[in-house]
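*Asks:* turn this into a structure:
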Amino acid sequence: MSDSAAPSRTAVAEGQDVTVRVPATSANLGPGFDSLGLAVGLFDTVRVRTVGEPGTTVSITGEGAGTLPTDGTHLVVRTIRLTVEAAGYSLPGLRLDADNVIPHGRGLGSSASAIVSGVLAGNALLPPEHRLDAAGLLDLCSRLEGHPDNVAPALAGGLAISWEEAGTFRSVTAPVHPDIIPVAAVPANELSTESARGLLPAAVPHPAAAANSGRAALLVHALAADPALLPEGTRDFLHQDYRAEAEAMAPSAALMAHLRANGLAAVISGAGPTVMALANGTDQARSAEELITEYLTAAGTTQFWRVLRLSVDRDGARVEEHQRY
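*Replies:* Residues are numbered from 1 along each chain as shown. Prediction:
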């Protein structure tokens, strides 16, 4: 796409200044394949300004600095442009400042965060009468990402249950018990979602599908009302065992199995390779941290992992429109 405004479109107003803050997300949570996602307390922040000078300038700090593009090919910029063009507008010059905290390619929803950031920023640049409502934002973000399991909790916060109906993506939020504390073990290596999906079979046995359905239902109950059931509720029969066969996923699968053998509700976060333990209270969160550290120390791989005690983010993405300059 060209950075220049299309002659047939009216450009959105210059001098606008918008900040968007979007949480990280952990999708699937074990059995909730492509349907469940949880927002957690790591946040990417972008500031977007429309200017009179043509072209796009991108500044990046944090994750991806020095490797991500700093021109109009940046995912957030492309998404902003798609959003305003879908409403019949074009962009003038653009300045984007991105402060990235969410690790890339680790199964914590970094691409979903970028898409949500771009759609919300682009929507805020439009005249109020042409902006999308919450349902429209969810559907557009889901289409751009390809599925709703990460974008839905990124938008709304908390636990999101998502599905597609008659070609439209929909989602509802469910309560999350206040005692639940996510503990993430984030490895240094990245793994693309496409690579992880390529490991999945075209079909699964009916007993596995039935078992998975029951565990997904149990998981929603455990997350909302009875965290003691999380180890049983996070048991997956659809995807994690298949993905464990990949060499890049082997250390994560082994760590997850170790934590589960010790009674923790550990899962592969999204497509991986991050391992997420859903702890029941601060004592179990501390135990999860200790078990992870002990395991990595014994394996001699401590330096290749980060262990993060997180929170459940219940607010979701936030947009702040500053006074025009």
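*Asks:* from the centroid of the chain, which residue is nearest?
*Replies:* When the chain is reduced to its mean C-alpha position, the nearest residue by Cα atoms, centre = their mean turns out to be residue 109, at 2.3 Å.
*Asks:* list the contacts of the residue nearest to residue 107 when sequence neighbours are not counted.
*Replies:* The shortest distance from residue 107 to any residue other than its chain neighbours is 3.4 Å, reached at residue 270 (Cβ to Cβ, 6 or more residues apart in numbering). C-betas here are computed from N, CA, C, even on glycine. Neighbouring residues of residue 270 by Cβ atoms under 8 Å, 6 or more residues apart in numbering: 25-28, 107-109, 149-150, 193.
*Asks:* pick the one among those closest to residue 58.
*Replies:* For residue 58, the closest of the contacts of residue 270 turns out to be residue 109, at 20.5 Å, with distances computed as Cβ to Cβ.
*Asks:* which SSE is immediately downstream of the longest strand along the chain?
*Replies:* Longest strand in the chain by number of residues, with DSSP state E as the criterion: strand 32-51. Under the assignment DSSP states H and E, the closest C-terminal helix or strand after strand 32-51 is strand 56-62.
*Asks:* can you give me the angle that next one makes with strand 32-51?
*Replies:* Interaxial angle of strand 56-62 relative to strand 32-51 (axes from the mean of the first three to the mean of the last three Cα atoms, to 10 degrees): 130 degrees.
*Asks:* re earlier: sec struct for the residue nearest to residue 107, please.
*Replies:* In three-state terms, and counting by DSSP: H, G, I helix; E, B strand; the rest coil, residue 270 is coil.
*Asks:* now the phi/psi pair for it, please.
*Replies:* Residue 270 has phi and psi values of phi 60, psi -130 when expressed as degrees, to the nearest 10.
*Asks:* ok so, going back, PyMOL command for the buried members of the contacts of residue 270?
*Replies:* For anyone working in PyMOL, the buried entries among the contacts of residue 270, judged by 16 or more other Cβ atoms under 10 Å, can be selected with:
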select buried, resi 25+26+27+28+107+108+109+149+150+193
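*Asks:* columns secondary structure and distance to residue 240 on top of the contacts of residue 270, output as JSON lines?
*Replies:* JSON lines is the format used below for the contacts of residue 270 (DSSP: H, G, I helix; E, B strand; the rest coil; distance: Cβ to Cβ, whole Å):
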{"residue": "25", "secondary structure": "strand", "distance to residue 240": "17"}
{"residue": "26", "secondary structure": "strand", "distance to residue 240": "13"}
{"residue": "27", "secondary structure": "strand", "distance to residue 240": "12"}
{"residue": "28", "secondary structure": "strand", "distance to residue 240": "8"}
{"residue": "107", "secondary structure": "coil", "distance to residue 240": "11"}
{"residue": "108", "secondary structure": "coil", "distance to residue 240": "16"}
{"residue": "109", "secondary structure": "coil", "distance to residue 240": "18"}
{"residue": "149", "secondary structure": "coil", "distance to residue 240": "15"}
{"residue": "150", "secondary structure": "coil", "distance to residue 240": "17"}
{"residue": "193", "secondary structure": "helix", "distance to residue 240": "14"}
